[in-house]
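A.B. asks: Task: produce atomic coordinates for the following.
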Amino acid sequence: MRPPPFPAPTRRSLLAGGALAAGLIMAPRIAAAQARADLERVDALIARMTIEEKAGQLNLQNDPFRWRPEGVNPDDFSPDQSAAAADIRAGRIGALFNGVGAGGARLMQQMAVAESRMGIPLLFAADIIHGLRTTFPVPLGEAASWDPELARRTARAAAVEGGASGVHQTYAPMVDIGRDQRWGRVVEGAGEDVLLGRLFAAARTRGFQGDDLKHWSSLLATPKHFAAYGAAEAGLDYNSTDMSELELRSVYLPPYKAAFDAGALSTMSAFNDLNGVPASGNGWLLTELLRGEWGFAGFVVSDYTSEEELIAHGYAADGRDAARLALMAGVDMSMRSGLYIKHIPELVQSGDVPLARVDEAVRRVLMTKAALGLFDNPYRGSDVRTERRVSGSREHLALAREAGRRSIVMLKNEGGLLPLSKTGKRYALIGPFGADRSDLFGPWSIFKDEKLAVSLEQGLRAALGDGSSLTVVKGSDVEAPIAGGIEAAVLAAAQADVVLLAVGESGAMSAEAQSRVDIVIPGPQLALAEAVAATGKPVVVILRNGRALALAGAVKDAPAILATWFLGSETGNAVADVLFGDHAPTGRLPVSFPHFSGQSPYYYARKTTGRPAASRGDEFKAQFRETANAALYPFGHGLTYAPVAYSAVRLSAPTMAWDGGITVSVTLTNGGSREASEVVQLYIRDRAASITQPARLLKGFQRVTVPAGGSVEVSLPLTFADLQFLGPDLTPTVEPGLFDVWLAPNAQAGEAAQFTLTR
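C.D. replies: Take a look at the predicted model:
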């Protein structure tokens, strides 16, 4: 997989003639004549609107008509449908979120289009993160596939189900880089690496938006949370971030740029402050960078009350001040707080906010509605027959099963314990996730169809065919012991040939506002694991996790470990496919598993420091007392059902000419009896540069199939553009000198070859 060149900052000035330019940039697939027509229609509407109606278009509220009590933020939803209906008819609401259902969408759109003075259609948005009725693996798990095309396909399926349910916009993809596994929202992104982050951000954007934004099956993508939210201090959700502009541009901004380049027309401002200025009031971030430098012409929506939270940040004096600061910084649409509808009319009247700024925000929102085709077809996606046909379809469930098994990472397989046999063995499925059908979806699955859930028990029984060969015992709850649970588990283990230990985190433990000081498996489950392991029976650990975990004790020491994340609707079938060898595990880690929680944040692309440790025990070197400066399971790690050996790396030339390239090659040899799917990873290190560089940095990868008992030569190109980094002046720089290069199975493996870049 080859990335596009790193996007260079242009520092260009604000777009001249913003309205027309926005119309042309926003809809690249629409002819210029259509864009001009949309712009004329939008400007004609703006000219007729009152300031209250303009503020209404910037007001995003909960959907009280299609809200489900078990949904997200239940305490903040107003059940007063009559008040919401009156606001829609009065033009005081421009968008609604987190309600789904084709019938309800048609009802509300009728109020807006036929019963309001301006007849402007509503925009319906929802948190469709990894599926709607059909739930796919959580984004972090899906990133373990190392296949952006798979992510595009699942996002497309989610968009089909969402679009058929009357939704126009999704608050996804989450593209924050997650390097501190204590942060609960790591589960929503693509992990710790910039390249994977860019590729998955672009793929998910393309999947959600499809080929034609006006089609009912397309959802407006909303990359979030802009920006640097994933760098919260101590991994504490909503916490401050403080970093150099060099770090911001090198690590945290590239996935956003990739999503915008892929066509995303909306973005969500973040909760955190960045270098002392809250992101939702940060004019440099939302206007100078996003619009002036990058030319983004969509609209910015605040995260849930994030503009109101400028007060708690200590940045705004009160609600009026918060509305002013957010709007002037570049937040176009206010989510949930109601500050815009409350304060914009008076802010304009007093002169504290120019009318032109309000018109600009309204124009961005209305041009997006035009790009979605809502003016011509306001009832798109409001067909209950289509909704019934596509929601939870066989095709989508088959894709969920495929995505699930391809997201599984085999961390360990001592003695070839896996795959298991379907016959002649007795298995004990032990742990809180064995029979569970409610917690397998993972966080941000608020619209899931629980009837579609396939538990581990169900998947294993279906694969085994003989129900008597599987015993299921819970043993403990996720975070609490069960009376007699360990005793029952030990008895089941003693009577089995192999123990399948289903332990890890619940969905509530790895999600928004679920930061953890200790990223370990909870104590009651560890006690269960120790007791079961003491029986002497071989143990296969089936981890359920939304982050990298610091494994310990009997879990760490088990002969076989699968990282299965939260795999969604088809969890049981996907795990069974891999456990019993119908499909070999092919996943690779998108995050590093540390030895201890105290290593956090730990990530592979770290700097060497001036005192790198060559080996454990070196004094006065960059390492902890208790462990080497290394991962237990490194980024990129993943085993399969055949051993694959790597030859020494070969280069097509010892030097690379300026603006040239070389080819990096390696021979893979399969020493097993079945074919192997291997992800060959290309890393480099710039030995001496004007800005210190990571010890390794991923620059490309390629999945190859190595036949049983055979060999395959793999060659990846390395180009001049791959060597660039942001220099002291924040522009892309390449400097001559010595480089290390690896083709390896993970970020800690392999021996480097060297080449010299000459000018």
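A.B. asks: OK, contacts around the residue nearest the centre of the chain?
C.D. replies: With distances taken as CA atoms, centre = their mean, Gly189 lies nearest the centre of the chain, 2.2 Å away. When contacts are counted by CB atoms under 8 Å, 6 or more residues apart in numbering, Gly189 is found next to Pro139, Leu140, Ala143, Pro173, Met174, Val175, Asp176, Ile177, Gly178, Gly197, Gly230. C-beta here means a position set from N, CA and C on the backbone, and glycine is covered the same way.
A.B. asks: Tell me how far Leu730 lies from Phe566.
C.D. replies: Going from Leu730 to Phe566 by CB to CB, to the nearest Å gives 38 Å.
A.B. asks: which of those two has more neighbours?
C.D. replies: Neighbours were tallied for Leu730 and for Phe566 using other CB atoms under 10 Å; the higher tally belongs to Phe566 (32 against 17).
A.B. asks: host element of that one?
C.D. replies: Using DSSP states H and E, Phe566 falls within no helix or strand.
A.B. asks: Any figure for the gap between the nearest residue to it once chain neighbours are set aside and Tyr252?
C.D. replies: For Phe566, the nearest residue in space outside its immediate sequence neighbours is Gly442; the separation is 2.7 Å by CB to CB, 6 or more residues apart in numbering. When distance is defined by CB to CB, Gly442 is 24 Å away from Tyr252.
A.B. asks: These two - which one has more neighbours?
C.D. replies: Per other CB under 10 Å, whichever of Gly442 and Tyr252 has more neighbours is Gly442, with 32 against 24.
A.B. asks: Pull the contacting residues for Arg204.
C.D. replies: Arg204 neighbours (CB under 8 Å, 6+ apart): Pro139, Ala151, Arg152, Ala155, Ala172, Pro173, Ala221, Ala259.
A.B. asks: hmm, try it at 6 Å
C.D. replies: Residues in contact with Arg204 (CB atoms under 6 Å, 6 or more residues apart in numbering) are Ala151, Ala155, Pro173.
A.B. asks: what's the closest non-adjacent residue to it?
C.D. replies: Using CB to CB, 6+ apart and skipping the chain neighbours, the partner closest in space to Arg204 is Pro173 (3.9 Å).
A.B. asks: Residue ranges in this protein under the pLDDT threshold?
C.D. replies: The chain contains residues with pLDDT under 70 at 1-31, 68-72, 74-77.
A.B. asks: What are the boundaries of the strands in the stretch 151-300 of the chain?
C.D. replies: In the stretch 151-300 of the chain, the segments counted as strands under DSSP state E, counting those that start in this stretch are 169-170, 266-268, 273-274, 277-278, 299-301.
A.B. asks: any idea how far the residue nearest to the centre of the chain is from Trp444?
C.D. replies: For Gly189, the distance to Trp444 (CB to CB) stands at 12 Å.
A.B. asks: Tyr604 too?
C.D. replies: Distance from Tyr604 to Trp444, counting by CB to CB: 26 Å.
A.B. asks: and if you look at Thr50?
C.D. replies: From Thr50 over to Trp444 (counting by CB to CB), the distance is 37 Å.
A.B. asks: Same check on Pro148?
C.D. replies: 20 Å.
A.B. asks: higher neighbour count, those two?
C.D. replies: Remark: of Pro148 and Trp444, Trp444 carries more neighbours, 26 against 22, as counted by other CB under 10 Å.
A.B. asks: Could you find the closest non-adjacent residue to that one?
C.D. replies: Ranked by CB to CB, 6+ apart and with sequence neighbours excluded, the top spatial neighbour of Trp444 is Ile129, at 3.9 Å.
A.B. asks: Can you tell me the SS state at the one you found?
C.D. replies: On the three-state scheme (DSSP: H, G, I helix; E, B strand; the rest coil), Ile129 is labelled coil.
A.B. asks: Touching, it and Ala172? I think so.
C.D. replies: Yes - the criterion here is CB atoms under 6 Å, and Ile129 meets it with Ala172 at 5.0 Å.
A.B. asks: Now do Tyr229 against Pro594, distance only.
C.D. replies: Separation of Tyr229 from Pro594 (CB to CB): 22 Å.
A.B. asks: out of those two, which sits in the busier spot?
C.D. replies: Shown here are Tyr229 and Pro594; by other CB under 10 Å, Tyr229 has more neighbours (29 against 24).
A.B. asks: residue contacts, the more buried one?
C.D. replies: With contacts defined as CB under 6 Å, 6+ apart, Tyr229 is in contact with Asp176, Ala270, Asn272.
A.B. asks: If you tally nearby residues, what's the number for Asp212?
C.D. replies: When counting by other CB under 10 Å, one arrives at 12 neighbours for Asp212.
A.B. asks: Quick check: phi and psi on it?
C.D. replies: The phi and psi values for Asp212, taken as degrees, to the nearest 10, are phi -150, psi 110.
A.B. asks: Now do it against Arg153, distance only.
C.D. replies: Using CB to CB, which is the criterion applied here, Asp212 is 17 Å from Arg153.
A.B. asks: Check Pro590 too.
C.D. replies: When CB to CB is applied, the distance between Pro590 and Arg153 equals 18 Å.
A.B. asks: what about these two, which has more around it?
C.D. replies: A direct count of neighbours by other CB under 10 Å for Pro590 and Arg153 places Pro590 higher, at 28 against 17.
A.B. asks: The more buried one - that's part of a strand, no?
C.D. replies: No - judged by three-state DSSP, Pro590 forms no part of a strand; its state is coil.
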